[in-house]
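J.: A structural model of the following input is requested.
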Amino acid sequence: MDLNADLGEGFGIWRLGDDEALLDLVTSANVACGFHGGDPSTMRRVCAAAAERGVAVGAQVGYRDLAGFGRRHIAYGFDELRDEVTYQLGALDAFCRPHRTRVRYLKPHGALYHAAATDEVQAAALVAAVSGYDHELPILCAPGSTLAQLAVGAGLRAVPEGFADRGYLPNGALVPRTAPGALVTDPEEVAVRAVRMATEQTVVAVDGTVVPCPVASICLHGDSPGAVASAALVRAALIDAGVTLTPFA
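T.: Numbering: from 1, shown residues only. Just a heads-up that it's a prediction; the model follows:
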């Protein structure tokens, strides 16, 4: 099982989360590429720290929306979104190269992640960007989503992802961040959910029903309250359960 976290999401003098501490715990780093968060110096710092620890670097691409942290939907057309995603891929890869690593996968962020789960135009734009940049790059996304289906149809590898620190609806979708139960903040509960995802491939939804959750990677949000403590507990719990932690890419 892979354990990933969203990192490098600060901007200028503002730091969001403890990137270095989380890099000691995860196997893959979803690094912001400057559109929803991050900046050139942050991208370089996180890529260097990830390379030093042997953590796989992924491009966490988002809408061009720093003020909204990429969590507001934007009605992009196909061409513009494809090009902006390609831009972000290339920018992050440039900061990987001095540290003898490279971008190893793509993951959409925030509102783009949710849009690409159902919106064929935006999902197709992501697939086109990856296909044009590097056909070997996997796409980290929601299992069974439109993005996953289009990626597989284009000959790309779609890696299904689950969220141990987010609430799930009975239909398998994430609880909207504006709704009660969107975030799971108790580190022990997050750890229990992560082990269940890894060993049983299921998750308990907000109404108590057990929902299938066939994933190959588990995400912890770097900006969530107590992210480092939660990640440490999750890592220890997974290892105690006999789960081998390794990057999928």
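
J.: Report the buried residues of the helix ranked longest in the chain.
T.: Longest helix in the chain, counting residues (DSSP state H): helix 78-96. Across helix 78-96, burial judged by 16 or more other Cβ atoms under 10 Å covers 81-82, 84-89, 91-93, 95-96. For every residue, glycine as well, the C-beta is placed using N, CA and C.

J.: Give me the mean pLDDT for it.
T.: On average, the pLDDT along helix 78-96 is 98.

J.: Please save the CA atoms from it in PDB.
T.: Below are the C-alpha coordinates for helix 78-96, written out as PDB (Å, rounded to 0.1, in the frame of the first residue of the first chain):
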ATOM      1  CA  PHE A  78     -10.700  21.400 -22.800                       C
ATOM      2  CA  ASP A  79      -7.700  23.200 -24.500                       C
ATOM      3  CA  GLU A  80      -7.100  25.700 -21.700                       C
ATOM      4  CA  LEU A  81      -7.200  23.100 -18.900                       C
ATOM      5  CA  ARG A  82      -5.000  20.600 -20.900                       C
ATOM      6  CA  ASP A  83      -2.400  23.300 -21.400                       C
ATOM      7  CA  GLU A  84      -2.500  24.600 -17.800                       C
ATOM      8  CA  VAL A  85      -2.000  21.000 -16.500                       C
ATOM      9  CA  THR A  86       0.900  20.500 -18.900                       C
ATOM     10  CA  TYR A  87       2.500  23.700 -17.600                       C
ATOM     11  CA  GLN A  88       2.300  22.500 -14.000                       C
ATOM     12  CA  LEU A  89       3.700  19.100 -14.900                       C
ATOM     13  CA  GLY A  90       6.700  20.700 -16.600                       C
ATOM     14  CA  ALA A  91       7.300  23.200 -13.900                       C
ATOM     15  CA  LEU A  92       7.500  20.600 -11.100                       C
ATOM     16  CA  ASP A  93       9.600  18.200 -13.200                       C
ATOM     17  CA  ALA A  94      12.100  21.000 -13.700                       C
ATOM     18  CA  PHE A  95      12.600  21.200  -9.900                       C
ATOM     19  CA  CYS A  96      12.900  17.500  -9.600                       C
END
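
J.: my read: T27 touches V55, true?
T.: Yes. Between T27 and V55 a contact is recorded at 6.3 Å, counting by Cβ atoms under 8 Å.

J.: So between these two, which is more surrounded?
T.: Higher neighbour count among T27 and V55: V55, with 27 against 22, using other Cβ atoms under 10 Å.

J.: In a strand, E188, correct?
T.: No. Counting by DSSP: H, G, I helix; E, B strand; the rest coil, E188 falls outside a strand, being helix.

J.: wait, it sits on L233?
T.: Yes. Applying Cβ under 8 Å, one finds E188 in contact with L233, separated by 6.5 Å.

J.: coming back round to it: what's the angle between the helix or strand following the longest helix of the chain and helix 78-96?
T.: Counting by DSSP states H and E, the next helix or strand C-terminal to helix 78-96 is strand 103-108. On the basis of axes from the mean of the first three to the mean of the last three Cα atoms, to 10 degrees, strand 103-108 is oriented at 140 degrees to helix 78-96.

J.: Let's see the helix or strand just after strand 103-108 as PDB, backbone CA atoms only.
T.: Sequence order places helix 110-116 as the next helix or strand after strand 103-108, per DSSP H and E. Extracted C-alpha coordinates of helix 110-116, given in PDB (Å, rounded to 0.1, in the frame of the first residue of the first chain):
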ATOM      1  CA  GLY A 110      -9.500  20.000  -4.800                       C
ATOM      2  CA  ALA A 111     -12.300  21.100  -7.100                       C
ATOM      3  CA  LEU A 112     -10.500  19.800 -10.100                       C
ATOM      4  CA  TYR A 113     -10.300  16.300  -8.400                       C
ATOM      5  CA  HIS A 114     -14.000  16.400  -7.900                       C
ATOM      6  CA  ALA A 115     -14.900  17.800 -11.300                       C
ATOM      7  CA  ALA A 116     -12.800  15.200 -13.100                       C
END
